[in-house]
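Participant: Sequence and predicted structure, then a few things I'm wondering about:
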Amino acid sequence: MKKNILWACFLMVALLACGKNDGPAKVRAAICPSMPPNAFEENGTYQGIDLELFEGFCRARGYRCSVTAYDWQGMISAVAGGQADVAFSALSITDKRREVIDFSKPYMENAWHLVSLPGRNVVLRDLAELKKYSIGYARGMAYSQFIREDLEPKGIYRLKDARLYPNVSQAMADLKNGNLDMVFLDASVAAAYKKKNFVRDSYVFTGVDYFGFAFPKGSPLRDDFDKYLAELGPGKLKVIVDKWMK
């Protein structure tokens, strides 16, 4: 009997030791690190608003966050296909995306900026002028749905005329090289580029968009992340956002 008790104790200690060796549960995050200040790479480190928010959640819940970089469309596909547990990089909440992924509650309101080079002096006073210019943006962004469902029916701009790129950086490179007149950017990304005096606003669409974190359909992680956002509250959330927006 004593031997059995000792053996049972040994097994329990061994199991506990194995659990410790395994370490914290890993959460696989997919990002597109060309979306400053929400998600970008600097000095070999991924950082930004979204990274700080999700890493804070992981610390609070005892998770270990493993980050993998994708292009814009690949990031969303990774979550929908089960290769990632979450995706974030200034990701707009849309009904189309809700068909394949679940979103957290919104954490940022977003405006859409059409930006151009300062030397071009492109300022749109009427959207009817839009068709005179070439426009580019990252493939998979919510702008396509907006153009198709709002601008195109009004005869303002055709989706087939837009130039799509794997990421924002490549679209901005074409703008800089004079191959584009304007680029569509989210407000936070536009702010980062304007801070460097690289671009200026040509037109701003407001009240059209909100950012969320994307999770696989039915993921319990999404519900827990929503609880974390509620625990942070609007005040602490604003402090994090404002820190990166400056």
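Facilitator: Structure received.

Participant: in the helix ranked longest in the chain, what counts as buried?
Facilitator: For the chain, the helix reaching the highest residue count under DSSP state H is reported as helix 220-245. Across helix 220-245, burial judged by 16 or more other Cβ atoms under 10 Å covers 221-222, 225-226, 228-229, 232, 237, 240-241, 244-245. For the C-beta atoms, the positions are set from N, CA and C on the backbone; glycine is no exception.

Participant: Could you do stretch 58-69 as well?
Facilitator: In stretch 58-69, counting by 16+ other Cβ under 10 Å, buried: 58, 63, 65, 67, 69.

Participant: again, but for stretch 137-157
Facilitator: 137-144, 146-147, 151, 157.

Participant: Could you single out the nearest of those to T45?
Facilitator: A138 (21.9 Å; Cβ to Cβ).

Participant: what's the closest residue to P118 other than its chain neighbours in contact with, if anything?
Facilitator: Spatially, and ignoring its direct neighbours in sequence, P118 is nearest to R200 (4.9 Å; Cβ to Cβ, 6 or more residues apart in numbering). R200 sits next to 115-118, 194 when contact means Cβ atoms under 8 Å, 6 or more residues apart in numbering.

Participant: Take those and keep only those in strands.
Facilitator: Judged by DSSP state E, the subset of those located in strands is 115-116.

Participant: In CSV, list the contacts of R200 along with distance to G212 and pLDDT.
Facilitator: Formatted as CSV, these follow (distance: Cβ to Cβ, whole Å; pLDDT from 0 to 100):
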residue, distance to G212, pLDDT
V115, 24, 97
S116, 29, 97
L117, 31, 96
P118, 32, 93
K194, 24, 90
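
Participant: Any of the contacts of R200 buried? List them.
Facilitator: Buried, going by 16+ other Cβ under 10 Å: 115-117, 194, out of those.

Participant: would a markdown table of these with distance to G81 be doable?
Facilitator: Shown next, in a markdown table, are these (distance: Cβ to Cβ, whole Å):
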| residue | distance to G81 |
| --- | --- |
| V115 | 32 |
| S116 | 36 |
| L117 | 38 |
| K194 | 35 |
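
Participant: for those residues, which one is nearest G44?
Facilitator: K194 (25.4 Å).

Participant: Excluding residues flanking it in the chain, which one is nearest the closest one?
Facilitator: Nearest to K194 is R200, by Cβ to Cβ, 6+ apart, at 6.9 Å.

Participant: how close does the residue most central in space within the chain get to S188?
Facilitator: By Cα atoms, centre = their mean, the chain has its centre lying nearest to S89, at 1.7 Å. S89 sits 10 Å away from S188, going by Cβ to Cβ, to the nearest Å.

Participant: same check, this time on R222
Facilitator: Taking Cβ to Cβ, one finds R222 at 22 Å from S188.

Participant: thinking again about what came up before, now list whatever residues contact both of S89 and S188.
Facilitator: In contact with both S89 and S188: 35, 38, using Cβ under 8 Å, 6+ apart.
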